[in-house]
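J.: Provided below for reference: sequence and predicted model.
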Protein chains: 2
Amino acid sequence: MDHRAIGVFDSGLGGLTVVKELHKILPNENIVYLGDTGRVPYGSRSRETIIKYAMEDIAFLKSRDVKMIVAACGTVSSTLPREISDHLGVPYADVVRPSAQEACRLTKQGRVGVVGTSASIRSNSYGRTISSLRPEVQVFGNACPLLVHVVENGLVQPDNQIARLSVEMYLKPLIEEKIDTLILGCTHYPILYDIFDDLLNHEVALIDPGKCTARYVKDVLTAQGMLSDRKELGSTDYNVTDQVSGFEQTASLFLGEPVNGSLNRVELV
Amino acid sequence: MDHRAIGVFDSGLGGLTVVKELHKILPNENIVYLGDTGRVPYGSRSRETIIKYAMEDIAFLKSRDVKMIVAACGTVSSTLPREISDHLGVPYADVVRPSAQEACRLTKQGRVGVVGTSASIRSNSYGRTISSLRPEVQVFGNACPLLVHVVENGLVQPDNQIARLSVEMYLKPLIEEKIDTLILGCTHYPILYDIFDDLLNHEVALIDPGKCTARYVKDVLTAQGMLSDRKELGSTDYNVTDQVSGFEQTASLFLGEPVNGSLNRVELV
């Protein structure tokens, strides 16, 4: 039993999709969230810079004495080496492994597509993880660097033509590969779920990393006897590295509900 | 006469559109360029964070002993207060004043539109500068946060539907205001010049801040007797804060020619 909070971080606010799912399945846990909004996005940056930023994010969460660290960011998950993530002193989860496991479970034809940021796709992290689980499965990746901005600019209605054309452009090579399963490998993409589903004719299994990752966190904490037995609802402490104004609006988009918790601007390092 | 280099900085590589024009009209000057690619973009960040980052960029250029500092970034130009920019110890130029002057010169109906990043438009810097020059001119601004990403993702062909729909979306309220002049108030937008011109039926005067700013720099250095009398071509020293790989390709898009000069990755602060 462990009453400390779960630490969750992301380059921005997309990682709140993991918090949303944690609220559903672990409602009694406290959560400390860090969104590095002063330096978002990570997905277009170099490996070296991403690792430096991620280490600073992790140091912040460790200073808050969390019991587990969750990289709720496809880019960090794809980039942070195990030599670092295996030695944090607390359990670590990322969004790649849970999504890869789910893809291996769902694919029937063994043809899995992955969409993500440039850094995530360049790293081939999903491909490597899937190969380690089911070597016969073929993985096809495509970087979709514009989509995060399409979402952040609110172009998310299912009939928005800019959003539809952008998703269509990125899906084209994956459709040609006849994928039967698609990992939405960036926290922003599930916001465009209906557009993806529509353009794939409802024939491809879509995987939402937020959901898979929350289940994985619950499994780890359960296995290690680290769940809290708190009876009341847990609290969530939100932290960002740029201004707090405007947070509520964007955050509620990803949380799927109004923000309820403390909100602070923090300096890293 | 002053043989020191001209210092030019931007949040990323868009500021190279100013370097491109400096190369044309001041070919014998040395230039030190800094692109803060490790923290780009600035345009969606808070005023406080933008000023902090700009001060670090300026400190880098000052450490290189430049004779003039040019903020080739609409966001910094719109945000940095005069209490700072007037006291750098060397002349300072930004992209707002030269563009505002040109708009005042060109507008016939006194109806000027401005497109830029969220921070640039929020600051109303163009409106304030134009009002100080020609108080009767009306200024209509619209933030276009998606366009920088449209350009950076290479969606720049005049017939690209995502680019056209995005520009159209942002132009709509300005067309309704019957503007006769439009400031392309972000270094990335002139790359979409043909699309803007087409969607405005070639009836609106388009202002490219890179060109206006380079002329302004020449005027300042001439007036202060600070031009170099170097006979050979000047050299350009490029510096970025993220990886140098990929620089050549993006940089040449903005420079309009292949990169010719030294290239280094640097750490700020």
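T.: On my side now, so go ahead.
J.: helix or strand right after the helix or strand bottoming out on mean pLDDT in chain A?
T.: Of all helical and strand segments in chain A, the minimum by mean pLDDT, DSSP states H and E falls on helix A:247-255, at a mean of 90. Following helix A:247-255 in sequence order, the next helix or strand is strand A:262-265 (DSSP states H and E).
J.: what sits up against that following strand?
T.: Here strand A:262-265 makes contact (C-beta atoms under 8 Å, 6 or more residues apart in numbering or on different chains) with A:235-244, A:247. (Glycine included, C-beta is placed from N, CA and C.)
J.: list the buried residues in it.
T.: Buried positions in strand A:262-265, judged by neighbour count with 16 or more other C-beta atoms under 10 Å in any protein chain shown: A:Arg265.
J.: could you do stretch A:131-138 as well?
T.: Buried residues in stretch A:131-138, counting neighbours by 16+ other C-beta under 10 Å, are found at A:131, A:137-138.
J.: burial count for the closest residue to chain B within the stretch 51-200 of chain A?
T.: Proximity of the stretch 51-200 of chain A to chain B (C-beta to the nearest C-beta) peaks at A:His149, 4.2 Å away. Counted with other C-beta atoms under 10 Å in any protein chain shown, the neighbours of A:His149 add up to 22.
J.: can you tell me the closest non-neighbouring residue to it?
T.: With sequence-adjacent residues excluded and distances taken as C-beta to C-beta, 6 or more residues apart in numbering or on different chains, A:His149 is closest to B:His149, at 4.2 Å.
J.: ok, the one you found - contacts?
T.: Counted by C-beta under 8 Å, 6+ apart, B:His149 has contacts A:145-146, A:149.
J.: any idea how far it lies from B:Gly14?
T.: Relative to B:Gly14, B:His149 is positioned 12 Å away (C-beta to C-beta, to the nearest Å).
J.: nearest residue to A:Arg47 in space, please, no chain neighbours.
T.: Closest residue to A:Arg47 apart from its sequence neighbours, by C-beta to C-beta, 6+ apart: A:Thr79 at 5.6 Å.
J.: A:Gly127 contacts A:Gly113, doesn't it?
T.: No - between A:Gly127 and A:Gly113 there is no contact under C-beta atoms under 8 Å: 10.9 Å.
J.: the more surrounded of these two?
T.: Neighbour totals were compared for A:Gly127 and A:Gly113, and A:Gly113 leads with 29 against 18 (other C-beta under 10 Å).
J.: what helix or strand is the more buried one located in?
T.: Take DSSP H and E as the rule and A:Gly113 turns out to sit in strand A:111-116.
J.: pull the CA atoms of that strand into CSV?
T.: Output in CSV follows, covering the C-alpha atoms of strand A:111-116 (Å, rounded to 0.1, in the frame of the first residue of the first chain):
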residue,chain,number,x,y,z
ARG,A,111,-0.4,-5.7,-40.4
VAL,A,112,-0.2,-2.9,-37.9
GLY,A,113,0.1,0.8,-38.7
VAL,A,114,1.5,3.4,-36.4
VAL,A,115,1.0,7.2,-36.7
GLY,A,116,3.0,9.5,-34.4
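J.: what pairs with it, parallel or antiparallel?
T.: strand A:138-143 (parallel), strand A:181-184 (parallel) (DSSP bridges).
J.: what does the longest one contact?
T.: This points to strand A:138-143. A:110-118, A:120-122, A:124, A:126-127, A:130-131, A:170-171, A:173-174, A:177, A:179.
J.: and with 6 Å instead?
T.: Contact with strand A:138-143 is made by A:111-115, A:118, A:121, A:127, A:130, A:170, A:173-174, A:177, as judged by C-beta atoms under 6 Å, 6 or more residues apart in numbering or on different chains.
J.: just stretch A:236-248 next, same as before
T.: Stretch A:236-248 is contacted from outside by A:31-38, A:259, A:261-266, B:45-46, B:49, using C-beta under 6 Å, 6+ apart.
J.: please enumerate the helices of the stretch 151-269 of chain A.
T.: Secondary structure of the stretch 151-269 of chain A by DSSP state H, counting those that start in this stretch: the helices cover A:161-176, A:193-199, A:209-223, A:247-255.
J.: domains in chain A, by residue range?
T.: In the domain annotation for chain A, the residue ranges read A:6-95+A:211-265, A:96-208 (automatic domain parsing).
J.: thank you, goodbye.
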